[in-house]
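**Q** Predicted model and sequence below, questions to follow.
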Amino acid sequence: MGLGAASARGAVSKHSRFGFLAFFLGSISVAGFAPLELFPLPILALAGVLGLWQAEPTPRGAALLGFSWGLGFFLTGVSWVYVSLHDVGGMAAPLAVIATVLFCCWLALFPALVGYCYRRFITGVFWHDTLLFAGLWMLAEWLRGVLLTGFPWLALGYSQTPPSPLAGFAPVLGSYGIGFLAALIAAALAFGLRRRGAWLLILALFGSGALLRGMDWTQPVGAPLSVSLLQGNIPQSLKWVPERLPLSIETYTRLARENPAALTVLPETALPLFFHEAPREVLQALTQHGDVLVGMAVRHREGGYVNGAIAIQKDAVPPAPTLQSYAKQHLVPFGEYVPLGFAWFFGLVNIPMSDFSAGPPRQAPLAIAGQQIAANICYEDLFGEEIIRALPAATLLINLSNTAWFGDSLAQPQHLQIARLRALETGRMMLRATNTGITAAIAPDGRVIKALPPFTAGALRVDAQGFTGLTPYARWGNALALLLAMSACLPALIQALRRRRSQ
């Protein structure tokens, strides 16, 4: 009895230590993403988690360790959810803490699922288990990116922007595929430090990625275009106050006037009113020097409204018949629409215009300033397969965001890093016009060419080059990465099936 109790206490103590270690490894993994971008760190931390799973005898225990890793990772990495709910949205602090923790618990279920399945199907064969882990990890991240409208923020591949050699695989496999390769390296480190094959695999992946980074998947088309990306830095607490509307109008018309360009881009909902309510003289002031792409809410004729990006050509201020617009298609739950059964949530938080309608999934690029522009709004650029719908017709990507919702948090540099992957995947420039930052111009190779300091009002003036052609990712989307991940799981699954039949 006494020996049994002591053994049980020892097991609990061991699990507690492992749980805290997994939580710690998850927390430090965030340093691999922007702003620090210590890209080897998430790979090394995953290798550590695999070591813990190897020492854990049961699938349930591995799932708990995966959950602990996920809690540490997401509570650290998406801590800005609390900022959005409390500091900006006005939700009471205790409720904002509970909501943030619950959200992170949901996200932590995905690494928990990986831990369970990995421990359940592990074979003890080096290559089987290495491939199994990489495949399961990528499939779980892909699942997180599609379930309940998806939240692929901080997917492993985003930590491997340049200078990581794995960034070279972005035009071929996309961010999920890069995550698969990073997980493959983590498994090789965890299981094969004394195996020559493991080191050859790691060198081959890094070497291949470095070679791929030197490839030009797309070609310039047309002459460079002068662009002025405006950053108004209007506080979210003031943006929707009717009395402060003149402040927004004056800020953006002044920035447009002082920074002439062939194309001027204003961020998401830059002018806090419906487009049909915008004074004609304001639109004329914005288009004084060239064409304009402006983020504003647009009413439907049949009722309702969309989060829009409106293209206005110089000397063609509405009601001109040539008006083009893009309607945001991937809306943010709770921020832009009310999920079924959650109307009560909006009594706890102050979110103006929280009942948008979604635009159609396929929309033609905007023909403006001599370019075919694929507009995307706010966190739509998290979804690579949605961005490539406008290709190959689109020559330039432009993101309009209002990141004032996230305050001075990790969200801004993380979002910029995500946009860098979209540029790499598509082989096109990505221009970002944001309210409070980070307004930036990104080259097709993922480099940030220029950026404005966050929380400052200003204009980023750049020469933007259009590109044509299709990368393999733009042609096939996530299909190649998914096929790779599922194929990687097969050897271990077949072995597990054979083992079960022989018992």
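**A** Done, it's in. Numbers count the residues shown, from 1 in each chain.

**Q** alpha carbons only for contacts and neighbour counts from here, please
**A** Will do.

**Q** what's in contact with stretch 97-109?
**A** With contacts defined as CA atoms under 8 Å, 6 or more residues apart in numbering, stretch 97-109 is touched by 66-71, 74-75, 78-79, 81-82, 144.

**Q** Make CSV out of the residues you listed and add neighbour count.
**A** As requested, those are arranged in CSV below (neighbours: other CA atoms under 10 Å):
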residue, neighbour count
G66, 28
F67, 29
S68, 26
W69, 27
G70, 27
L71, 28
F74, 25
L75, 23
V78, 20
S79, 19
V81, 23
Y82, 22
R144, 22
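
**Q** Secondary structure, pLDDT and distance to I43 added to those residues, as a markdown table?
**A** Below are these laid out as a markdown table (DSSP: H, G, I helix; E, B strand; the rest coil; pLDDT from 0 to 100; distance: CA to CA, whole Å):
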| residue | secondary structure | pLDDT | distance to I43 |
| --- | --- | --- | --- |
| G66 | helix | 96 | 15 |
| F67 | helix | 97 | 18 |
| S68 | helix | 97 | 17 |
| W69 | helix | 97 | 13 |
| G70 | helix | 97 | 15 |
| L71 | helix | 97 | 17 |
| F74 | helix | 98 | 16 |
| L75 | helix | 97 | 19 |
| V78 | coil | 95 | 19 |
| S79 | coil | 93 | 21 |
| V81 | helix | 92 | 25 |
| Y82 | helix | 92 | 27 |
| R144 | helix | 97 | 19 |
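
**Q** List just the nearest of these to G295.
**A** Ranked by distance to G295 (CA to CA), these are led by V81 at 23.4 Å.

**Q** Assess the claim that that closest one and F406 are in contact.
**A** Yes - contact status for V81 versus F406: in contact at 7.3 Å, counting by CA atoms under 8 Å.

**Q** could you pull out the strands for the stretch 151-300 of the chain?
**A** Along the stretch 151-300 of the chain, the stretches classed as strands by DSSP state E, counting those that start in this stretch are 219-231, 263-265, 291-299.

**Q** and the second one, how far from the chain's centre?
**A** How far strand 263-265 lies from its chain's middle: 24 Å, per CA atoms, centre = their mean, to the nearest Å.

**Q** for stretch 276-284, same thing?
**A** That offset, for stretch 276-284, works out to 33 Å (CA atoms, centre = their mean).

**Q** avg pLDDT for it?
**A** Averaged over stretch 276-284, pLDDT sits at 90.

**Q** Equivalent analysis for stretch 493-503, please.
**A** Averaged across stretch 493-503, the pLDDT comes to 81.

**Q** neighbouring contacts of it?
**A** 121-123.

**Q** Could you export the contacts of stretch 97-109 as CSV, including distance to L271?
**A** As requested, the contacts of stretch 97-109 are exported to CSV (distance: CA to CA, whole Å):
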residue, distance to L271
G66, 44
F67, 42
S68, 43
W69, 42
G70, 38
L71, 38
F74, 33
L75, 33
V78, 28
S79, 28
V81, 25
Y82, 26
R144, 33
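
**Q** quick one on the thing from earlier: out of the strands of the stretch 151-300 of the chain, which is closest to S325?
**A** Of all those, strand 291-299 comes closest under CA to CA, at 8.8 Å.

**Q** low-confidence ranges in this protein?
**A** The model of the chain has pLDDT under 70 over residues 1-16, 301-302, 318-322, 338-354, 503.

**Q** Kindly report the domain assignment for it.
**A** The chain breaks down into these domains under automatic domain parsing: 8-215+478-502, 219-470.

**Q** measure the closest residue in space to T253 that isn't next to it in sequence to V294 for me?
**A** Closest residue to T253 apart from its sequence neighbours, by CA to CA, 6 or more residues apart in numbering: L286 at 5.6 Å. Distance check for L286 against V294: by CA to CA, to the nearest Å, it reads 9 Å.

**Q** What of A278?
**A** In this view, A278 and V294 are 11 Å apart by CA to CA.

**Q** and these two? which has more neighbours close in?
**A** More crowded of A278 and V294, by other CA atoms under 10 Å: V294, with 26 against 15.

**Q** residues near E277, how many?
**A** Look at E277: counted by other CA under 10 Å, it has 10 neighbours.

**Q** and the gap between it and V241?
**A** Taken as CA to CA, the span from E277 to V241 is 16 Å.

**Q** so which strand or helix has the nearest residue to T287 once chain neighbours are set aside?
**A** Once flanking residues are discounted, T287 sits nearest to K314: 5.1 Å by CA to CA, 6+ apart. If you go by DSSP states H and E, K314 is not part of any helix or strand.

**Q** Surely K314 and H289 touch.
**A** Yes - contact between K314 and H289 holds when scored by CA under 8 Å: they sit 7.3 Å apart.

**Q** Among the contacts of stretch 97-109, which pair sits farthest apart?
**A** G66 and Y82, at 23.0 Å, using CA to CA across the contacts of stretch 97-109.

**Q** Quick check: bridge partners of L397?
**A** A374, M430 (DSSP bridges).

**Q** Can you give me every residue that contacts I449?
**A** By CA under 8 Å, 6+ apart, the residues touching I449 are 440-443.

**Q** Now do the buried residues in the strand or helix carrying C104.
**A** Assessed by DSSP H and E, C104 sits inside helix 93-121. If you call a residue buried by 16 or more other CA atoms under 10 Å, then helix 93-121 has these buried ones: 96-97, 99-101, 103-105, 107-121.

**Q** picking up where we left off before, selection in PyMOL covering whichever of the contacts of I449 are buried, please.
**A** The following PyMOL line selects those of the contacts of I449 that are buried, judged by 16+ other CA under 10 Å:
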select buried, resi 440+441+442+443
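
**Q** any idea how far the most centrally placed residue in the chain is from T471?
**A** Note on the chain: the residue nearest the mean C-alpha position is L382, at 3.4 Å, using CA atoms, centre = their mean. Using CA to CA, L382 is found at 18 Å from T471.
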